[in-house]
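*Asks:* sequence first, then the predicted structure:
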Number of protein chains: 4
Amino acid sequence: MELPEKAQVRFRARYSETDQMGIVYHANYLAWFEMARTELCAVRGVRYRDIEEQDHLLLTVVEAHCRYVAPARYDDEVIAEARLAFSHSRMIGFAYEIRNAATSQLLVSGETKHVFITPDGRPARVPRKYFDLFGIPAPIGVPADD
Amino acid sequence: MELPEKAQVRFRARYSETDQMGIVYHANYLAWFEMARTELCAVRGVRYRDIEEQDHLLLTVVEAHCRYVAPARYDDEVIAEARLAFSHSRMIGFAYEIRNAATSQLLVSGETKHVFITPDGRPARVPRKYFDLFGIPAPIGVPADD
Amino acid sequence: MELPEKAQVRFRARYSETDQMGIVYHANYLAWFEMARTELCAVRGVRYRDIEEQDHLLLTVVEAHCRYVAPARYDDEVIAEARLAFSHSRMIGFAYEIRNAATSQLLVSGETKHVFITPDGRPARVPRKYFDLFGIPAPIGVPADD
Amino acid sequence: MELPEKAQVRFRARYSETDQMGIVYHANYLAWFEMARTELCAVRGVRYRDIEEQDHLLLTVVEAHCRYVAPARYDDEVIAEARLAFSHSRMIGFAYEIRNAATSQLLVSGETKHVFITPDGRPARVPRKYFDLFGIPAPIGVPADD
């Protein structure tokens, strides 16, 4: 049973997301990445909110990178896509593409890296039950950190 | 010993707070109200974060009202002022004015109403130790709700 | 030919929209109101972005009012609904309801009032071609301001 | 006459900037970078808003990179510092550090790259009058893009 490699969300850019340059403010794409990341977890069988609520683990961002190719504008329909970029028991990487839904033009690409922490901020290993979700090889398989 | 009736914070409007109309997006003034509210608690002797952390009580917003008179623009220095509007043991009201710091022109005025809730969302009375902070008459004095 | 009285948008609350209280930050509902307002214009036949781009008029907010009944939480599916509350040639009022899509529980209700201004900030009358859009009686019919 | 190499802004993290993890949402640091960038331009003699208003040029972000070391929390006082990382006539790079003001602990570091564009989105060279501002060698000196 193969889990989906990618997930997409489709929505319109909000007026509140624009800035006085007349385009979507560059920080907002990180929130769009997060929407696609939430959806990727969902289509792979886990609601991200359940990880926080049931396992009391937080998937915190340790690095983010965005390349801005073309702007999204108010009321543009966009598609945000996330896929797993890499994973091991201590770190998970996602890659993203934001496209204009009408033209398929690439607007923004990026990556984020995440680690699990406990509510008091200590690093935690990915629980075994989420190995499938995050594509981590089961038995040994903990590659060196990048 | 009189507690201050008002408190002000002074800061510059951020590029991220503008929208494509070239002015500060109207929802952001609610965050500015909150900054002035935090400062009012501080000058009256209580850090709002301590109420959440030590007493496990949340001061949740139940109503907000804004009147937009003139816009703030990127890099404008503004002053946000908060004062207690009313208070009793179950509800606290604040009033706000946002002004352009250079011209003193009124930009936005507004009010918010708040109630205390427990972390699981149940309403709570204002703890006695915060009666001074919120200007609630000490002994009996619980006026009817508005 | 009747124009629709109401319009709805349906979407999920974003992680970025929550605050440390664990619920959607209260200012964000104003952005949700705006999404429903955009949709209401669209289903009544006008893209709001075209009013800005083609007529060089801005529909600026002069007043906003929110009542917070129950919180939206991360990943909750919500429905934001807008309807015309009143209109005349100098001011347009919208009313809103945000509901939890799964339970239909009312979360937030509110109203906004808007006036048209020119790009340099001067008040403008609603152009005749938008009378239908905003439900303004055609020939004379300019009631006194509220 | 040496222009300052760095600039700092000092402010408190807002409640609105937190998320349900109880820390400042990761996208908000990009807005903090922008505040420090605005200040760096100011201390080097140019208000960024004047570049937009007078020269009708926009300094758009083409790349952003953040490393998250430790979280900022509500009401923490923080210092955001920007410095010029590199510059030539077609691209300008800034580097940033966000620190906790009380402890000097590094919270976030990052970089952004920017190009000038015209209001209709075409790339533009940095105007000669801003060479000093952005530390671009005057006469020839246009290194190859990175």
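*Replies:* Received it, and whenever you're ready, just let me know what you need.
*Asks:* and the host helix or strand of residue A:98, what does it pack onto?
*Replies:* For residue A:98, the host element (DSSP states H and E) is strand A:91-100. In terms of contacts (3 or more C-beta pairs under 8 Å, 6 or more residues apart in numbering or on different chains; DSSP states H and E), strand A:91-100 is packed against helix A:28-43, strand A:77-88, strand A:106-117. All C-beta atoms are positioned from the backbone trio N, CA, C, and that covers glycine.
*Asks:* ok, that strand: who's next to it in the sheet?
*Replies:* In the sheet, strand A:91-100 lines up against strand A:77-88 (antiparallel), strand A:106-117 (antiparallel) (DSSP bridges).
*Asks:* tell me the pLDDT at the residue nearest to the spatial centre of chain A?
*Replies:* Among the residues of chain A, the one closest to the centroid is residue A:37, at 3.1 Å (C-alpha atoms, centre = their mean). For residue A:37, the model assigns a pLDDT of 97.
*Asks:* mind exporting stretch A:107-114 as CSV, just the C-alpha atoms?
*Replies:* Taking C-alpha atoms only, stretch A:107-114 is exported to CSV below (Å, rounded to 0.1, in the frame of the first residue of the first chain):
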residue,chain,number,x,y,z
LEU,A,107,5.4,31.4,-8.2
VAL,A,108,7.4,30.2,-5.2
SER,A,109,9.4,27.1,-4.4
GLY,A,110,10.9,26.3,-1.0
GLU,A,111,11.9,23.8,1.7
THR,A,112,11.5,23.5,5.4
LYS,A,113,13.2,21.3,7.9
HIS,A,114,11.5,20.1,11.1
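*Asks:* neighbouring contacts of it?
*Replies:* With C-beta atoms under 8 Å, 6 or more residues apart in numbering or on different chains as the test, stretch A:107-114 has contacts from A:29-30, A:32-33, A:37, A:59-72, A:78, A:85, A:91-100.
*Asks:* which regions of chain A sit below the pLDDT cut-off?
*Replies:* Low-confidence regions of chain A, defined by pLDDT under 70, span residues A:1, A:139-146.
*Asks:* would you mind listing what in it touches chain D?
*Replies:* A:20-21, A:23, A:26-28, A:30-31, A:52, A:58, A:60-68, A:71, A:121 (C-beta under 8 Å from any C-beta of the partner chain).
*Asks:* just those residues that are near chain C?
*Replies:* Near chain C, judged by C-beta under 8 Å from any C-beta, the entries from these are A:30-31.
*Asks:* ok, now how distant is the residue of chain A most remote from its centre from residue B:14?
*Replies:* For chain A, the C-alpha farthest from the mean C-alpha position belongs to residue A:20; by C-alpha atoms, centre = their mean, that distance is 27.1 Å. Going from residue A:20 to residue B:14 by C-beta to C-beta, to the nearest Å gives 11 Å.
*Asks:* shared neighbours of the two, anything?
*Replies:* Common neighbours of residue A:20 and residue B:14 (C-beta under 8 Å, 6+ apart) are residue B:74.
*Asks:* the residue farthest from the centre of chain A contacts residue B:15, doesn't it?
*Replies:* Yes. Counting by C-beta atoms under 8 Å, residue B:15 is a contact partner of residue A:20 at 7.1 Å.
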